[in-house]
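Engineer: Have a look at this prediction, sequence included:
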Amino acid sequence: MPYIRRALQSEFAAITDVWEASVRASHDFLSEDDLCALRPQILNTWLPAVQVTVCTDEKGDILGFSGVTDNKLEMLFVAPVSRGRGVGKALLMHAVTNLAVCLVDVNEQNGHALGFYQHFGFTVFGRSPVDGQGRAYPLLHMRRKPFS
């Protein structure tokens, strides 16, 4: 059974390790240079700027995490060994029900993530030809109607 809780800042290095493993397993469109440039940004800029939630096992090992600002899911990553075990669903449902998340951006090349969010009621409402850093990785903007 996964445990959901707010992350501690002291866990940001371990969370960044989960991010890197997840991205290496799911974002084959990113280059090694992209990953090397993004890693310090994740650790030092992006994680401190969002509300980070972790999903852990009974031993406290981090299986995945999410980052939320306002009502937008800024990041959701699951350790490769934990994929398909409900970690992503648990993190997303926590964000939707407890943090009023109704928006997310998804890399267009990440079909798995697109399908995941669509499965949980998110629909595409827009597209940007570049990512948040101006690189040629198009983003799909998705939204979900709130629970009624």
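Structural biologist: Nice, I can see it. Numbering: from 1, shown residues only.

Engineer: Could you give me the buried positions within the helix or strand bottoming out on mean pLDDT in the chain?
Structural biologist: When the helices and strands of the chain are scored by mean pLDDT, DSSP states H and E, helix 32-41 comes last with a mean of 81. By neighbour count on 16 or more other Cβ atoms under 10 Å, the buried set for helix 32-41 is Asp34, Leu38. Every residue, glycine included, has its C-beta placed from N, CA and C.

Engineer: same thing with stretch 114-134?
Structural biologist: Neighbour counts over stretch 114-134 (16+ other Cβ under 10 Å) mark Leu114, Phe116, Tyr117, Phe122, Asp131 as buried.

Engineer: just stretch 56-76 next, same as before
Structural biologist: Taking 16+ other Cβ under 10 Å as the criterion, stretch 56-76 shows 56, 62-68, 72-76 as buried.

Engineer: mind putting those residues in a markdown table, secondary structure included?
Structural biologist: Below are the buried residues of stretch 56-76 laid out as a markdown table (DSSP: H, G, I helix; E, B strand; the rest coil):
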| residue | secondary structure |
| --- | --- |
| Thr56 | strand |
| Ile62 | strand |
| Leu63 | strand |
| Gly64 | strand |
| Phe65 | strand |
| Ser66 | strand |
| Gly67 | strand |
| Val68 | strand |
| Lys72 | strand |
| Leu73 | strand |
| Glu74 | strand |
| Met75 | strand |
| Leu76 | strand |
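
Engineer: The longest helix seen in the chain versus helix 32-41: what angle between them?
Structural biologist: Of all the elements of type helix in the chain, the one with the most residues (DSSP state H) is helix 12-26. Interaxial angle, helix 12-26 versus helix 32-41 (axes from the mean of the first three to the mean of the last three Cα atoms, to 10 degrees): 160 degrees.
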